[in-house]
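Participant: Give the three-dimensional model of this entry:
(2 chains)
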Amino acid sequence: MRYDTIVIGAGLAGLMAALGRAGQGERVLLLARGHGATHWASGQIDLLAGAANPLAAVERLAVERPEHPYARAGVLALEAGVARLRALCADAAYPLAGNLHQRLLLPTALGALRPTTLAPATMVAGESRQLADGRPTLIAGFPELRDFFPPLAAANLRAQGFPADDRYLTLPPAGRQQGFDPLVLARLFERAEFRTEVGRQLAAEVRRGGYARVGLPAVLGLRHATAVVRDLQAHAGALIFEIPTLPPSVPGMRLYYALEEALLRLGGRVQLGAFVRRGEGRDATLEAVYSEAAAREQRHTAWRWVLATGGLAGGGLRATPEGELRETALGLPVRGPDRRADWFARRFLDPAGHPVFGAGIAVDAALRPLDAAGRVVYANVAVAGSAIAGFDPIREGCLEGVAIATGYAAGSLSR
Amino acid sequence: MGEMQPIEADVLVIGGGATGLGCALDLALRGMRAILVEKGDLTHGTTGRYHGLLHSGGRYVTKDPQSASECARENAILRRIMPHCIEDTSGFFVATPWDDPAYGDVFVANCHRAGVPVAEIGLAEMLRREPLLNPRISRVFEVADAAADSFLAARSVALAAREAGAEILTYHHVVDLIRVGDRVVGAVVEDLRDGTLKRIACACVLNATGAWAGAIARLAGLTVTVVAGKGTMVAMNHRMVNTVMNRCKLPDDGDILVPIHTVAVIGTTDVLVPDPDVYRIEPEEVHLLLDEGEKLVPGFKTYRALRAWAGVRPLYRESEAVRDRDIPRTFKLLDHETRDGVAGIVSIVGGKWTTYRLMAEETVNLIARRLGNTRPCRTATETLPVPPFEHHGPPAAGGTRHYWLGKSLATVEAGHAYGELICECELVTRERLLAAIDSGAKNLDDLRRDVRLGMGPCQGGWCVYRAAALLYERRHAAGLSHAHANQAVLHMLQARWKGLLPVLWGDQVRQARLDELIYLGVLGVQHLEPFAAPGGGLVTEHPAVATE
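Facilitator: As a prediction, this is how the structure comes out:
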C-alpha cells in the first residue's frame, strides 16, 4: 500500500509533521528506528537560550541567519506549532505552562537555573521568580534513586540566593524492589497508596520547615502526571514541582505518548524498530524506502515524505572513521565542516560548541533537501528537526523549538 | 623556609608510579622511614597510562634478552604476590601474513636462551581458543603473558607500604631539592590541595619519576637524560580476544592487543616527545593502530573505539641511540654519588611495569647499603593486600585466585545491586564508590583510577553527575563545597573529552553528543558557578592534573 505521507523519525519533529499530515486527512505512517530525543531531553520546550523574550529573539535570528531552520520554517510556523502542541498536551491532561515572550528559568538536578520557554505545569512552581519569593524551598528525593541528589541541587540553589533545604525521603515499602530507575518510580507514583505515603512524609517536612514548595525528581507519574502532582500537593500542603534529571526522561516520554496517541486517533500508523537504510527515487522524486527490521528488509512507498531522523545524536547522521558525514536513511548530501580536524573544539564545554554538531542537510524555504550546488534532491521530501544543517540545537537551546517549527511546517506542506 | 615544619625521613621517594611505590614498600618492609610524594594521584603518570600487559618476556627475547629474562622472573613473582590484579589470559605470538615467517624459529630459540617459557600450538587449537583471529595466521606460540591492572596494583602496593609504616602524599609537587655542598639533604614540596609548602629532611632522595626524572635531577643540579617515548593506545569496547596477542616479529607499532577488564587495548606507537607533559594524539597514530588491529582480528575497525590515550615511556639514554625502539628497555640505577659526586640522591630510570618490583629491590639494596641497613628484601614473597573499594566477590569456577572477567557482574548479581550501580558501564556500585571516596580521592578522575568510574562506552555520561553529587554528600562536612563539586564535574568531563577526541566517530560521537545533551541540555552545567577557590580537598587546577 502506498501511503500519502511517510514520516521517518519519531522525535518531536516527526510527530508534529505526522500529526499535521494526518490532520489534513492523509494516510500517514510514522516509521522510526526507535524513540527520539524526547526520551533523552528535559521534557521542557526550549525556543532559544539566552534571551529574556524568546520569540522576539527567534524573530531577530530568522532575519540575521536566513539559513537557520527557524528562518526556513518561519516564525509563524513556530507559533502555530507551539499552539498545536499546547492543545494536544492539554487534551492529554498534561498542559504546558509559560508563554513565548517570557523565558522561564527552571532548576536542574544540579541546582542550576536553565532557561526554557514552556514547561509542563508539573514543573513551573520551581520557576526562579517563585523561588525568590522569600519563602524556603525543599528539594527532596529518594536515596535509592541514583539519578537525583537533593543536597547538591539545594546547595547550588542556595549559592544563587534561593533559600533551599534538602531531604532524602524514605521509600514506601511498595518501592523496595530491584532495578530501581526513573520509570519504575514514575509508575509507583501512579498508585494512590504510594502517593499517600510520600505525601505524609512531605507534609511533615513542610510543617517542620515552613516550605512554600517542594522540588522532586521528574518521575511523578507517567500517564497522569498532572493529577499525581495535584494529589501530592494536597497531601503535602505545599506546591510541588518536578526537576528533570538523567535519561530516560519521564517528562519526555509523556510528551511522546501525548502526541503518539493523538496521531493514532487521527488514523496514523506508527512503526518503531524499522531502521530506514536507503531510498529509491526517480527524477527528484522519492518513491520508496527500505527498512531493516526483524532480519529482513521491508519496502515502504508513499507519495510524500518527511525526513526527521535527527542529527548525530539522533542517528540521522553518522560520522565515519575516515572523517565523512553520512545521512543514514536516504544518503542525502550532508553540509558540515570540510575537514575532520575542524569537527571538535579542544574543550568539551567550549562556548562556541563543536562545529560538527551544526552539520546536517541543507534545505530550501520549503524544507526540501538540497545538494552541494543548491539543487533540490527530492521535491517530495521535507526535512524537519535536528537533521537540518546550520544550527546547533543544544548549544543554541532551540532543540524543541526547531523541531516544532519545522515539524509543523513539514506537516502543513501539501506537495 | 625557616618557619616550615620539617618532616623527617630516611628516604624521600619522588614519584607515585609503580616504581616509586614499589620502592616505598621495600624501604618500609626493611624498616626504613620512607615518605613518598606524587604530584598527581597515584599512577597519574606512565603507570596509569599503559596497556596493562604483564610481559612474559617474549617481546624482548631478541633485542633485549636481559629485559626478557627479568620479565620472565618477575612475571612469576607478580602472579604470586598480587593475584587479584592479574587476569591469567595467557599470550600468543602470532605470525600474520605481514610478518617474516622466518622469525618464528629465531623467536623460539631466543625464548629458550632467555628463559622465557614458550610452546608452539596448532592453528586449529588457536582458532578454537580465539575464533576471531585472522585465519591466515601461519604460526602461533604461547607464552605466559597476562593482563595486569596497574591502577589496582598501585593501590595495593600503597596500602601495604602504609601498613609497613611508609607515608604517601599524593598531590604533593616537588618545588625544590635542598642541596648542601655535595649532598642532597631534603626537598621542599607544595601541597596542591591548599598551596602550603612543606620541607622534608632526609638521608636520601630517590628519584623515581620516570619520564620526569631529568626535571627532578635538574633541581639538584644533576643531568639525567631520559627520553620521553610517547606510546599511544586505543581501548575498544569488545574483548575480541581473551588472550594477549603479540605479533611474532621484532617490536614495532601496533603489535600488541591486550584484553583487560571489559575492553581490548591495542598499542602502541612510539614517538619521541620533548616534554612528557605536552603531547597530542595524532589521528594518524590512531588509524595506524586500527590498521594493525585489523591484521590480527579482521573487522577490528568495525568495533567501537572508546578512548585513546598515551603514556610516556621513560627511556634512559646513555648514548645516542638511532631509534627510540633501539634504546634498551632494561632499567638503570644511577648512583649520583659515584656518577656525579653528589651524595644523598639516586635515580632509577627506564624499565617497565612488569619489572617494577625488581627495580625497587635493586634500588633499595643500594640505599640500604648507604644507610647501613642489612635487612633482606621481602617484596618477592609478601602477598599484597586488597584495597577496600575492590570487589570482594565470589571466586571463579575452578577457584582461581586471579582476577577473572565476570567477577564484577557476579558480585553485583550476588548482592542484587543493579539499582545501586553508579557507573553502569563498569559496574561500579554506590558502596564501592563511597569506599573509594573515603580512601581519599581528590577529584573524579582519581575515582576513575580507583574503580574504573567512567571508563566504559558512555565515558562518564551518567556517572559523572552521580559521582560528583555523592562526593559532595560525603565530603561537604569536611569543606568540599557545591562549587568544588561543580568543578569536579567540569574537570572530569574535560578529562574524558581529551581521551574521546581522537576516536570520535560512529557510536562514540553519538555518545559524546548525548553527553552534551545531558550536561548542557538537561543539567545546565554551563549556568553554574564554575570555579571554586582552592580547598575542600579537591585538586583540578594544577598542571599536574591538567586535562588539556
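Participant: How is chain A partitioned into domains?
Facilitator: For chain A, the structural domains run A:2-94+A:253-412, A:124-243, going by automatic domain parsing.
Participant: Could you export the ones you listed as CSV, including mean neighbour count?
Facilitator: In this view, the C-beta of every residue, glycine as well, is placed from N, C-alpha and C. Rendered in CSV, the data for those read as follows (neighbours: other C-beta atoms under 10 Å in any protein chain shown):
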stretch, mean neighbour count
domain A:2-94+A:253-412, 21
domain A:124-243, 20
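Participant: so can I have CSV of the ones you listed showing distance to chain B?
Facilitator: Compiled in CSV, the domains of chain A are given as follows (distance: least, C-beta to the nearest C-beta, whole Å):
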stretch, distance to chain B
domain A:2-94+A:253-412, 4
domain A:124-243, 3
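Participant: any chance of those in JSON lines, with mean pLDDT too?
Facilitator: Formatted as JSON lines, the domains of chain A follow (pLDDT from 0 to 100):
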{"stretch": "domain A:2-94+A:253-412", "mean pLDDT": "96"}
{"stretch": "domain A:124-243", "mean pLDDT": "95"}
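Participant: Just the terminal-to-terminal distance for stretch B:450-461.
Facilitator: Stretch B:450-461 stretches 18 Å from its first residue to its last (C-alpha to C-alpha, to the nearest Å).
Participant: Distance from the chain centre to that stretch, please.
Facilitator: Taking C-alpha atoms, centre = their mean, to the nearest Å, the mean C-alpha location of stretch B:450-461 is offset from the chain mean by 16 Å.
Participant: hang on, the earlier thing: reformat the domains of chain A as CSV; add distance to B:Val273.
Facilitator: Output for the domains of chain A, formatted as CSV (distance: least, C-beta to C-beta, whole Å):
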stretch, distance to B:Val273
domain A:2-94+A:253-412, 18
domain A:124-243, 39
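Participant: Give me the neighbour count for B:Lys301.
Facilitator: A total of 16 residues lie near B:Lys301 under the criterion other C-beta atoms under 10 Å in any protein chain shown.
Participant: That one touches B:Leu290, doesn't it?
Facilitator: Yes - with the criterion set as C-beta atoms under 8 Å, B:Lys301 and B:Leu290 qualify as a contacting pair; they are 4.9 Å apart.
Participant: Okay, and whatever residue of the stretch 101-250 of chain B ends up closest to chain A sits in which element?
Facilitator: Proximity to chain A, evaluated over the stretch 101-250 of chain B using C-beta to the nearest C-beta, is greatest for B:Val234 at 11.2 Å. Element membership for B:Val234, per DSSP states H and E: strand B:226-236.
Participant: packing partners for that strand?
Facilitator: With contacts defined as 3 or more C-beta pairs under 8 Å, 6 or more residues apart in numbering or on different chains; DSSP states H and E, the secondary structure elements packing on strand B:226-236 are strand B:263-267, strand B:271-273, helix B:283-296, strand B:305-316.
Participant: deepest of the ones you listed, which one?
Facilitator: Sort these by mean neighbour count, taking mean count of other C-beta atoms under 10 Å in any protein chain shown, and strand B:263-267 sits at the top with a mean of 27.
Participant: Would you give the sheet partners of that one, along with the direction of each?
Facilitator: Strand B:263-267 has its sheet partners listed here by DSSP bridges as strand B:226-236 (antiparallel), strand B:256-260 (antiparallel).
Participant: Report the contact partners of A:Pro321.
Facilitator: In this structure, A:Pro321 makes contact with B:287, B:290, B:301, B:505-506, judged by C-beta atoms under 8 Å, 6 or more residues apart in numbering or on different chains.
Participant: and it, helix, strand or coil?
Facilitator: coil (DSSP: H, G, I helix; E, B strand; the rest coil).
Participant: Ok, B:Leu358 next?
Facilitator: Using three-state DSSP as the criterion, the local structure at B:Leu358 reads helix.
Participant: Dump the helices and strands packed on strand B:226-236 into JSON lines; add mean pLDDT as well.
Facilitator: JSON lines is the format used below for the helices and strands packed on strand B:226-236 (pLDDT from 0 to 100):
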{"stretch": "strand B:263-267", "mean pLDDT": "95"}
{"stretch": "strand B:271-273", "mean pLDDT": "91"}
{"stretch": "helix B:283-296", "mean pLDDT": "96"}
{"stretch": "strand B:305-316", "mean pLDDT": "93"}
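Participant: For B:Val428, which of the ones you listed is the nearest?
Facilitator: For these, distance to B:Val428 was read as C-beta to C-beta. The smallest value, 15.0 Å, belongs to strand B:263-267.
Participant: what angle separates that closest one from helix B:283-296?
Facilitator: Angle of strand B:263-267 versus helix B:283-296, following axes from the mean of the first three to the mean of the last three C-alpha atoms, to 10 degrees, is 110 degrees.
Participant: Identify all contacting residues around strand B:263-267.
Facilitator: Outside of strand B:263-267, the residues that reach it under the criterion C-beta under 8 Å, 6+ apart are B:51-52, B:231-241, B:254, B:256-258, B:289-290, B:292-293, B:300, B:306, B:455.
Participant: What of stretch B:518-525?
Facilitator: Identification of contacts with stretch B:518-525 by C-beta under 8 Å, 6+ apart yields A:40-42, A:46, A:108-110, A:112-114, A:244-247, A:249, A:349, A:394-395, A:397, A:399, B:461-462, B:464-465, B:486, B:489-490, B:493, B:526.
Participant: So which of those sit within strands?
Facilitator: The subset of these located in strands under the criterion DSSP state E comprises A:113-114.
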